[in-house]
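>>> next one to model:
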Amino acid sequence: MLKPLVFIFLLLPFLPACTVTKNNAATHKYPRNSLQSDFLLLQNILEAKHPSLYWYTPKDSMDQYFAQYYAAIEDSMTELQFAWKILAPVVDKIHCGHTSLSMSKPYSRWAEGKRQPSFPLYFKVWNDTMAVTANLNRKDSIFNRGTLVTAINGVNNADMISHIFSFLPEDGHAENVNYMRLSGNFPYFHRNIYGLDSTYKVNYIDSAGNPAMAKVKAWFPPKDSLKKDSLAKIEKPKKPKVPKEKRLKRYRSLDYDSTGKIAVMTLNSFSNGQLRRFWRRSFREMREKKIENMILDLRLNGGGKVGLSTLLTRYISHQPFKVADTLTTNSRCLSPYTKYIKGHFLNNIELWFIAHKKSDGQYHLSHLEKKLYEPKKNNHYSGTVYVLTTGITFSASSLFCNAVKAQDNIIIAGEETGGGWYGNNGIMIPDVTLPHTGLRMRLPLFRLVQYKHVLFKGTGVLPDIFIPPNYPALLQNVDFKMKTVLQGIYAGVKIK
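Coordinates of the predicted model:
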């Protein structure tokens, strides 16, 4: 299955996740030979098991990158240094959004709940524009919401964004997902890539529209006034139990506009939320209410189960369709790297039964290459569907967008998806754990080429109507994409 990536996208590729304990995970340094051993193991696994290692970067170039970053390994390095300085940039060169890194389990336990010092400003980032959305230094009266920043410590926006992107994975060259990551947590990425300074020189546009510069202090979390030994004596208040329906609404919801004639279905996952039952009830309800326009919001849907993405397509597609033109893997087992890969026993069994070698030398998941899915007969939706997308629309969501895009009652509105239009990698995505550092890498095992795929590769699914970020809407905290689509429907205009 393609695993959900919704909120994880905002922090990928290094979410705070060996004999290292959680107490020294952040400071423990590894000798060069241990780091070199982990690096070579990762390289060997990628070369043997990754289905698309050379899809976007030729083998001779990947070989050069491996050699370059292997030579850059220092003696000695912390786990965080090794992850960001060495592994992240080499993994980025694969251009696979499902091939990403996370920290070791001891590091994750150490980082859990900790607020670390950082650059203080959050931004909405698009193209080379960076507009302030939050300021951790609350007493700062200069950098309010909407302030346009043009450079930090002498590095202009375009160069800074390009440099940060060279550490972050994406499908092909569909960088829109990385703009979303930076918009979600710019201080996190800036700290880990550029390091932490006590003060920063920030260039910005002042209220009169003139270039200006100000120094801002790094943000440091407030010190806990309670002694450590007293914390254990304090009982943490129990979190109130969240009602089931409210919990489910985190993943999906169906609402109507003020007129009651436009349905807004929000799907934040293709894995959670009891979707089969939800769709059965929702599409029946829309049929009974004779809803002619539906807005399907996939802007925060990072993917999930292919079977559920396929089921939604059946409710909306007018034509029979397949999941993929081709679905292939390099090998029918994980050997000789089995012990480093999570769930290796069950993964080996599954690979053995579902993948079959064909004349091209690859092992194919023939079932999904051949099976033709028919549109649903009961409660099939034939009204106009506006699909809202952004860079977080990924994986199984991009499969759905590709399957329905050319249909005459479907309008994809918003921004390019993060998931590849030509294809991507996934289906089975176990974690590889490196033995010395404990760093983990998600390893997709299958290459999926989309059904009736476009002739070019490297982009996400492109919208029929492009609705970019809007600066005035950002200042007013207005959902500009939703507002644009609703206004078009009210005006009786089929925006396409």
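
>>> which element, helix or strand, includes I411?
strand 410-414 (DSSP states H and E).

>>> neighbouring strands of the helix or strand following that strand in the sheet, and parallel or not?
Per DSSP H and E, the first helix or strand lying C-terminal to strand 410-414 is strand 423-426. Its sheet considered, strand 423-426 pairs with strand 446-450 (antiparallel) by DSSP bridges.

>>> so in that sheet, which strands flank the strand holding I411, and in what orientation?
With DSSP bridges as the test, strand 410-414 is paired with strand 384-389 (parallel), strand 465-466 (parallel).

>>> which residues touch the longest one?
I take that to be strand 384-389. Strand 384-389 is contacted by residues 292-299, 316, 397, 401, 404, 409-417, 461, 463, 481-482, 485, 489, 494-495 when judged by C-beta atoms under 8 Å, 6 or more residues apart in numbering. C-betas here are computed from N, CA, C, even on glycine.

>>> how about the helices in the stretch 51-200 of the chain?
59-71, 79-81, 88-92, 105-111, 157-165, 176-194 (DSSP state H, counting those that start in this stretch).

>>> can you tell which of those is closest to M441?
For M441, the closest of those is helix 88-92, at 7.0 Å, according to C-beta to C-beta.

>>> run the chain-centre distance for that closest one.
Centre-to-centre, helix 88-92 and its host chain are 16 Å apart (C-alpha atoms, centre = their mean, to the nearest Å).

>>> off-centre distance for stretch 359-371?
Centre-to-centre, stretch 359-371 and its host chain are 27 Å apart (C-alpha atoms, centre = their mean).

>>> may I have it as CSV, with CA atoms only?
Taking C-alpha atoms only, stretch 359-371 is exported to CSV below (Å, rounded to 0.1, in the frame of the first residue of the first chain):
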residue,chain,number,x,y,z
SER,A,359,10.5,-11.2,-20.3
ASP,A,360,11.8,-7.7,-19.5
GLY,A,361,13.7,-9.2,-16.5
GLN,A,362,11.5,-7.3,-14.0
TYR,A,363,9.1,-8.8,-11.5
HIS,A,364,5.6,-7.5,-12.2
LEU,A,365,2.5,-7.1,-9.9
SER,A,366,0.4,-8.4,-12.8
HIS,A,367,-2.9,-8.3,-11.0
LEU,A,368,-3.0,-4.5,-10.8
GLU,A,369,-1.6,-4.2,-14.3
LYS,A,370,-4.4,-6.3,-15.8
LYS,A,371,-7.5,-5.7,-13.6
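
>>> for that stretch, which outside residues touch it?
Contacts for stretch 359-371 (C-beta under 8 Å, 6+ apart): 306, 322-332, 351, 354-358, 427, 446.

>>> buried residues, that stretch. List them.
Within stretch 359-371, the residues that count as buried by 16 or more other C-beta atoms under 10 Å are Q362, Y363, H364, L365, L368, E369.

>>> and of the residues you listed, the nearest to W126?
Closest approach between the buried residues of stretch 359-371 and W126, by C-beta to C-beta: L368, at 35.4 Å.

>>> where does that closest one fall, secondary structure wise?
Using DSSP H and E, L368 maps to helix 366-370.

>>> what sits up against stretch 473-484?
By C-beta under 8 Å, 6+ apart, the residues outside stretch 473-484 that reach it are 124, 131, 133, 145-146, 264, 295, 297, 299, 388, 413-414, 467, 469-470, 495.

>>> which of those residues are buried? Put it as a PyMOL command.
Remark: buried members of those, expressed as a PyMOL selection using 16+ other C-beta under 10 Å:
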select buried, resi 124+131+133+264+295+297+299+388+413+414+467+469+470
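
>>> mind checking what helix or strand follows the lowest-mean-pLDDT helix or strand in the chain in sequence?
Here the helix or strand of the chain ranked lowest by mean pLDDT, DSSP states H and E is helix 228-231, holding a mean of 43. Proceeding N to C from helix 228-231, the next assigned helix or strand is helix 244-248, under DSSP H and E.

>>> tell me the contacts of the residue nearest to P375 when sequence neighbours are not counted?
Distances taken as C-beta to C-beta, 6 or more residues apart in numbering place S317 nearest to P375, at 5.2 Å, with adjacent residues excluded. Going by C-beta under 8 Å, 6+ apart, S317 touches P375, A403, V404, Q407.

>>> in three-state terms, label the first one for me.
When states are read from DSSP: H, G, I helix; E, B strand; the rest coil, the local structure at P375 comes out as coil.

>>> that older thread, next, format the strands paired with strand 410-414 as JSON lines and append mean pLDDT and distance to D92.
What follows is those, written out as JSON lines (pLDDT from 0 to 100; distance: least, C-beta to C-beta, whole Å):
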{"stretch": "strand 384-389", "mean pLDDT": "98", "distance to D92": "23"}
{"stretch": "strand 465-466", "mean pLDDT": "96", "distance to D92": "26"}
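
>>> tell me which of those strands sits most buried.
Most buried of the strands paired with strand 410-414, by mean neighbour count (mean count of other C-beta atoms under 10 Å): strand 384-389, with a mean of 25.

>>> just give me how far that strand sits from the chain centre.
Distance of strand 384-389 from the chain centroid (C-alpha atoms, centre = their mean) equals 20 Å.

>>> drop anything exposed from the contacts of strand 384-389.
In those, the ones that pass as buried (16+ other C-beta under 10 Å) are 293-299, 316, 397, 401, 404, 409-417, 461, 463, 481-482, 485, 489.
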